[in-house]
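Trainee: sequence-free structure coming up:
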């Protein structure tokens, strides 16, 4: 461990607090002597919506992905992100998790229309799985929001992040995080900077198209997919909503449930 750079599974386990003391110490030692490892750990903390006791430095290449007019000092961005994450987690402790989709409310049509357009554009231009979106690109996109969005890790459900875009809509910035499966599943998580979605989760169905949306503080979250197995999609939606409200990463029980749901589910049609 001290001679080789830790791989991504090891770094993931380190951020999730799943390593034994000796291995975790070796990773910390590697981060202290290798800035690239420290940058990767910083990205993972941000991606998982959690913060360490001492926030690590942001990636050195962060500025390459930010529009010039929106660049901010890296130290200030990390400090603001840390404060915002603490605030979100603190608020979440006093909020009960949504008991399920609200059948009496509807999602704002402009938000659904924007999600549909961006998702369908991805389907039309997708050329198949690749190495995944660089963590630094995801972190750069997140930095354009006043509070750090929670972007769950869905690898246990065999979905990896392949698309990251930030577009300007009439309502403000919209972040699209596209999760792709090895056999063609496409799931988009949209985060609206100035969201006006219902506070409780709302589900909308149109043929094989399904959208789930909810609001957490100032951010609106929406999951959008076409042709995904209903039971698998329902479980993912519930767990992603819980993660966005609690500000914590999935625990082992949740990851196991997502993995089992993937095995039992029918193949996606889009």
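Mentor: Good, I have the coordinates. Owing to the predicted nature of the structure, the values given are computational and were not obtained by experimental measurement.
Trainee: is it true that residue 221 lies in a strand?
Mentor: Yes: judged by DSSP: H, G, I helix; E, B strand; the rest coil, residue 221 forms part of a strand.
Trainee: ok, it - how many residues close by?
Mentor: Residues near residue 221, counting by other CB atoms under 10 Å, number 25. For every residue, glycine as well, the C-beta is placed using N, CA and C.
Trainee: and what of residue 196?
Mentor: 13.
Trainee: does it touch residue 222 like I think?
Mentor: No: using CB atoms under 8 Å, residue 196 makes no contact with residue 222, being 11.4 Å away.
Trainee: report pLDDT for residue 86.
Mentor: We have a pLDDT of 40 for residue 86.
Trainee: common neighbours of residue 196 and residue 222, please.
Mentor: Common contact partners of residue 196 and residue 222 (CB atoms under 8 Å, 6 or more residues apart in numbering): residue 111.
Trainee: so where do the helices sit in the protein?
Mentor: Assigned by DSSP state H, the helices in the chain fall at 8-15, 21-33, 35-47, 74-92, 109-125, 135-142, 230-246, 252-264.
Trainee: tell me who's in contact with residue 114.
Mentor: Residues near residue 114 by CB under 8 Å, 6+ apart: 167, 169, 174, 190.
Trainee: show me where pLDDT drops low in the protein?
Mentor: Within the chain, the stretches with pLDDT under 70 are 1-3, 32, 45-104, 131, 135-137, 139-140, 143, 171.
Trainee: most centrally placed residue in the protein?
Mentor: Taking CA atoms, centre = their mean, the centroid of the chain lies closest to residue 151, which sits 1.3 Å from it.
Trainee: turn the helices of the chain into a markdown table, including distance to residue 156.
Mentor: Shown next, in a markdown table, are those (distance: least, CB to CB, whole Å):
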| stretch | distance to residue 156 |
| --- | --- |
| helix 8-15 | 11 |
| helix 21-33 | 21 |
| helix 35-47 | 15 |
| helix 74-92 | 22 |
| helix 109-125 | 22 |
| helix 135-142 | 18 |
| helix 230-246 | 10 |
| helix 252-264 | 4 |
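Trainee: how about those helices, which one is nearest residue 204?
Mentor: helix 109-125 (6.6 Å; CB to CB).
Trainee: sort out which residues of the closest one are buried, please.
Mentor: Across helix 109-125, burial judged by 16 or more other CB atoms under 10 Å covers 111-112, 114-116, 118-120, 122.
Trainee: among those, pick out the one closest to residue 228, please.
Mentor: residue 119 (11.6 Å).
Trainee: what about residue 267, how many residues close to it?
Mentor: 11.
Trainee: could you pull up the residues touching it?
Mentor: Neighbouring residues of residue 267 by CB under 8 Å, 6+ apart: 183-185, 229.
Trainee: buried stuff in stretch 150-158?
Mentor: 150-158.
Trainee: got a markdown table for these, with distance to residue 233 too?
Mentor: Output for these, formatted as a markdown table (distance: CB to CB, whole Å):
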| residue | distance to residue 233 |
| --- | --- |
| 150 | 19 |
| 151 | 18 |
| 152 | 14 |
| 153 | 17 |
| 154 | 12 |
| 155 | 17 |
| 156 | 15 |
| 157 | 10 |
| 158 | 13 |
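Trainee: show me which of the residues you listed is closest to residue 243.
Mentor: Closest to residue 243, out of all of the buried residues of stretch 150-158 and judged by CB to CB, is residue 152, at 4.7 Å.
Trainee: check contacts around residue 264.
Mentor: Neighbour list for residue 264: 231-232 [criterion: CB under 8 Å, 6+ apart].
Trainee: could you do residue 13 as well?
Mentor: Going by CB under 8 Å, 6+ apart, residue 13 touches residue 19.
Trainee: distance check, it against residue 7.
Mentor: With distances taken as CB to CB, to the nearest Å, residue 13 is found 10 Å from residue 7.
Trainee: just residue 228 next, same as before
Mentor: Counting by CB to CB, the gap from residue 228 to residue 7 is 30 Å.
Trainee: of these two, who's got more company?
Mentor: Neighbour count, other CB under 10 Å: between residue 228 and residue 7, residue 228 has more, with 26 against 9.
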